[in-house]
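[1] Here is my input; please provide its structure:
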Amino acid sequence: MRKDRRALWTALRWTAAALVFAAVGASTAYGLTRAERTDLPGLATASDGRWDYPELTRPPLPSGRPGPLDTANKAGSHYADLRALVLPAPKGARVDTALRGKDGWLPAKDFLSVYAEKEDREDLGAKLADHGLRHVAARGWTMPDGTRTRIYLLQFGSATVAEDLYRNELSHTIDEPPALRGAALSVFDEDWPEQAAVPGENRSLYVESEPYGAEQVRQAYLSAGDVVALVTQSRKGGAKAVPFQQTVVLQGELLG
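    Numbers count the residues shown, from 1 in each chain. Below is the predicted model of the structure:
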């Protein structure tokens, strides 16, 4: 089944070959949820569909520890508690308590359950073990319009290990990313505003192509320091681009 999808993916891939998600542009401020449209080209204002997120601040670092992108941090380690780096839910959301896991840590098998095919779950599970997965922190919520968001942060021993997994198993540098449940075929997201790139972060974004089923799924993989993140949004009738872009940017800022 995956071979059939791979052939279709390869055919569609040529139409999207020009879409390279380069890390271009200045850093996006934490005031994104309240910024004016002219401040952030490509991202809409709140009245155009952005969600009302709480004001974001990074958790404090242990005394004497550098940030993940600091030049003194050779391993790219996130020394802050990973659970505090997951984006909080916006105003009006109904939080999915099942994603909290025990003590805020999600079992790896629960993360792997987001993938549609047993082959992918087994293969990626082995890769996570080989790469020395340390923790998975997650959060999910559903908005009044039915949009479901899921965020997973996977922490490894170093940025080198995390980036290897990202590039060789999950990103657009491979033939096809593992299919998520409910997403038959995903292609590169053409609507991503390059001005919203977060410096020092790798990202690959996909959107489920038409015709899709009852729901459309958007997904993004991020690599920042020793963390790989998966952000998904799905909605009946179509997942909107603006809240997806906003959510991905803010999660990237927290990891930067």
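
[2] Can you tell me the element the residue nearest to D96 when sequence neighbours are not counted falls in?
    Leaving aside its sequence neighbours, D96 sits nearest to G140 (CB to CB, 6 or more residues apart in numbering; 3.8 Å). Backbone N, C-alpha and C define where each C-beta goes, glycine included. Applying DSSP states H and E as the criterion places G140 in strand 135-142.

[3] In the sheet, which strands lie alongside the helix or strand following that strand, parallel or antiparallel?
    Scanning forward in sequence from strand 135-142 by DSSP H and E, the next helix or strand is strand 148-155. Take DSSP bridges as the rule and strand 148-155 pairs in its sheet with strand 135-142 (antiparallel), strand 227-236 (antiparallel).

[4] Now do the same for the next helix or strand after the last one: mean pLDDT, whole number.
    Right, the one you point to is strand 227-236. Following strand 227-236 in sequence order, the next helix or strand is helix 241-255 (DSSP H and E). The average pLDDT within helix 241-255 is 95.

[5] same thing with stretch 114-131?
    pLDDT averaged over stretch 114-131 gives 95.

[6] A89 contacts T97, doesn't it?
    No. Counting by CB atoms under 8 Å, A89 does not reach T97; the two are 11.3 Å apart.

[7] State the number of residues packed around the residue nearest to D96.
    Applying other CB atoms under 10 Å, we find 20 residues neighbouring G140.

[8] How much space separates the closest residue to S77 other than its chain neighbours from Y212?
    Excluding its sequence neighbours, the residue lying closest to S77 (CB to CB, 6+ apart) is D226, at 5.2 Å. Distance from D226 to Y212, counting by CB to CB, to the nearest Å: 34 Å.

[9] ok, these two, which is more surrounded?
    Using other CB under 10 Å, the more surrounded residue of D226 and Y212 is D226, with 25 against 19.

[10] which ones are touching the more buried one?
    Shown in contact with D226 (CB atoms under 8 Å, 6 or more residues apart in numbering): P68, A75, G76, S77, H78, Q155, F156, G157, S158, A159, V161, A162.
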